[in-house]
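>>> dropping the sequence and predicted coords here.
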Amino acid sequence: MSEISEQQVAHLANLARIALTPEEISSLTSELDTIVDSIAKVQEVATPDVPATSHPVPLQNVFRDDVVGQTLTTEQALANAPESADGRFKVSAILGEEQ
Amino acid sequence: MARDRVMDFDKALELFEPVLGFEVHVELNTKTKMFSAAPNGFGDAPNTNISPVCLGLPGSLPVVNEQAVRYSISLGLALGCSIAPMSRFARKNYFYPDLAKNYQISQFDEPIAFEGQVDVELADGSVRTIPIERAHMEEDAGKLTHVGGATGRIQGAEYSLVDYNRAGVPLVEIVTKPIFGAEHQAPELAKAYVATIRDIVIALGISDARMERGNLRCDANVSLRPRGQEKLGTRTETKNVNSLRSVERAVRYEIQRQAAILADGGTITQETRHWHEDTGTTSAGRPKSDADDYRYFPEPDLLPVVPSPELIEELRAALPEAPAIRRRRLKETWGFTDLEFQDVANGGLIAEVELTIAAGASPQAARKWWTGEISRLANVNGVEATSLVSPENVAALARLVDAGTLTDKLARQVLEGVTAGEGTPEEVVEKRGLAVVSDDGALVAAIDEALAAQPDVLAKIQDGKVQAAGAVIGAVMKAMRGQADAARVRELILERAGQA
């Protein structure tokens, strides 16, 4: 149990630019923990003779022709952006935060 | 930023053996993006070539561009790689706003092409075989502009602006295995390798391969190990190397920088380094160790790519000739001497010269322009020759010289205008009024004026001392602002002085 810590959830939320309250962090931590535990159960039964599955449907080679289709206008693209300038998405400086 | 200490290059090579590795990203010139029908274009207004897939909007789903797969297989084959009977896309997870999805669709343990090799020719005529580990398909990221801070670089920026036009453009990343034994030729080999990849993708017609536009980008891995040591040293990965010239310089610099640290008993940090063209140095980016956990997993939104053996053979049959064979053929066709051809090859200008000849220039004219004046201008401005002028415009310039519209000297001025963005050579001639004055009337008027101003010279010429005409030619050329054919001026002077 408890592979996921509240610190990890808070860090992830920060990276994803999602504002979470302490209560939300707490509830998400236990929810994610349950998910991780469930996956761990699947791993127990997944013996080496079971091939990894990434897709439930056995299809392959689904392609698209190289033909231009519809695009969004700049206004549509930026409609949900919290901030924008000069037709572009405005984001806070990145590298300074990482260091 | 503190300046790094560097060791003399020869001294560094005495103490250490450099080991190289390259990751070259090639942007494919398909009409649309890798996973969406949005146009793959360059230089358009920000955020116009985008679809919901490019923005990672909820509910949008990627679909693979078949042309991009064909191009990738062709490139893999040209690199002597095996083509995977089945390959899969994978998500590379990271948080950075250059991709809105928080992951890049790439390939991980099942790349489309693997285990190849490519021959690279060096200036001394020797050939080195570079081992290729893999070539895989992925999508390019958006473009960030850092605002604020002193230099517009990442460091010190207040905020960044994101344009997703490039997000989703098809890329092939070519990864080499470690390259040993390059020794003193390591910097040159780096440049020659990237030039060879560039020649290959141009010959295949699958990329515009313009480095200054980022169509072809190289990350150079360099590590050093003390002579006699088997264990590999810690490597750095230098990014932002956007010209053939910088690839060579960046590798040389990293060898010198790392040698100085190691010789002092220091250790190399495994990190990304940014190349700075202006100072010719690298600076530390993010440390690699923790950023390397990309939590790859198979992309659930896409299905495996299973190329049929028939398709692979069809593409193999359509491959252009290998670079070494192509070079031999071109050298012969163009009638270049060894030295002339090497000049072109070392400048990474084979494709340019070929395109210029195709656009109507003679081989010698094409060679002289590219390895001469254009390379000189590129050096002076610290840019790549190929970014200065198009082969079509060079051919047009050569035509104007052949037709007698321009002297070599005037043509150089026209070239300057073309590189300054004033238009085609014809337009620059028109705008700057640079054509040779072939109107004898205008020349005669200038000659008469010059002769009247120097009566003693006129007397000498009339005395049979025709070499005295030189002084008048100078005056006339000055009056004509250099836009006259000196030989014709001389003829006319003698005529006016009654000596012709």
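Noted; the coordinates are in hand. What you see is a predicted model, and the numbers here were worked out from it, not measured in a lab. Numbering: from 1, shown residues only, chains lettered A, B, ... in the order given.
>>> tell me how far residue A:20 lies from chain B.
Separation of residue A:20 from chain B (C-beta to the nearest C-beta, to the nearest Å): 15 Å. C-beta coordinates here come from the backbone N, C-alpha and C atoms, glycine included.
>>> ok, now how distant is that residue from residue B:56?
In this structure, residue A:20 and residue B:56 are 21 Å apart, going by C-beta to C-beta, to the nearest Å.
>>> likewise for residue A:15?
Distance of residue A:15 to residue B:56, computed by C-beta to C-beta: 15 Å.
>>> so what's the residue lying closest to residue B:423 once chain neighbours are set aside up against?
In this structure, residue B:423 finds its nearest non-sequential neighbour in residue B:431, 7.0 Å apart by C-beta to C-beta, 6 or more residues apart in numbering or on different chains. The contact partners of residue B:431, by C-beta atoms under 8 Å, 6 or more residues apart in numbering or on different chains, come to B:417, B:422-423.
>>> and with 10 Å instead?
With contacts defined as C-beta atoms under 10 Å, 6 or more residues apart in numbering or on different chains, residue B:431 is in contact with B:414, B:417, B:422-423.
>>> averaged pLDDT, the helix or strand where it lies. What do you get?
Using DSSP states H and E, the element containing residue B:431 is helix B:425-432. Mean pLDDT, computed over helix B:425-432, is 86.
>>> next helix or strand past that helix?
helix B:440-453.
>>> that next one: how far from the chain's middle?
48 Å (C-alpha atoms, centre = their mean, to the nearest Å).
>>> which elements pack onto it?
Packing partners of helix B:440-453 (3 or more C-beta pairs under 10 Å, 6 or more residues apart in numbering or on different chains; DSSP states H and E): helix B:455-462, helix B:469-479, helix B:486-496.
>>> any idea of the pLDDT on the spatially most central residue of chain A?
Centroid-nearest residue in chain A: residue A:16, 8.0 Å away (criterion: C-alpha atoms, centre = their mean). Residue A:16 carries a pLDDT value of 77.
>>> low pLDDT regions in chain A?
Scanning chain A for pLDDT under 70 picks out A:1-2, A:94-99.
>>> distance-wise, check residue A:16 relative to chain B.
7 Å.
>>> so that residue sits against residue B:102, correct?
Yes. With contact defined as C-beta atoms under 10 Å, residue A:16 and residue B:102 form a contacting pair (6.7 Å).
>>> residues bridging contact with these two, i.e. touching both?
Common neighbours of residue A:16 and residue B:102 (C-beta under 10 Å, 6+ apart) are residue B:95.
>>> and the top strand by length along chain A, what does it pack against?
Using DSSP state E, we find that the single longest strand of chain A is strand A:88-92. If you count contacts as 3+ C-beta pairs under 10 Å, 6+ apart, strand A:88-92 packs onto helix A:74-78, strand B:143-147, strand B:159-163.
>>> mark out where each domain of chain B begins and ends.
As assigned by automatic domain parsing, chain B contains the domains B:9-312, B:346-432, B:440-496.
>>> circling back: and the gap between the residue nearest to the centre of chain A and residue B:168?
Using C-beta to C-beta, residue A:16 is found at 20 Å from residue B:168.
>>> same question, residue A:71
In this view, residue A:71 and residue B:168 are 12 Å apart by C-beta to C-beta.
>>> more neighbours: which of these two?
residue B:168 (31 against 20; other C-beta atoms under 10 Å in any protein chain shown).
>>> got the phi/psi numbers for the more buried one?
With angles defined as degrees, to the nearest 10, residue B:168 sits at phi 100, psi 0.
>>> contacts only, for it.
By C-beta under 10 Å, 6+ apart, the residues touching residue B:168 are B:32-36, B:38, B:40, B:49-51, B:53-56, B:62, B:65, B:99, B:101, B:104-105, B:139-142.
>>> excluding chain neighbours, what is closest to it?
residue B:33 (3.8 Å).
>>> quick check: bridge partners of the residue of the stretch 201-350 of chain B found nearest chain A?
Per C-beta to the nearest C-beta, the residue of the stretch 201-350 of chain B with the smallest distance to chain A is residue B:298, at 3.3 Å. Per DSSP bridges, the residues bridged to residue B:298 are residue B:90.
>>> wouldn't it be in contact with residue A:54 here?
Yes. Between residue B:298 and residue A:54 there is a contact at 3.3 Å, judged by C-beta under 10 Å.
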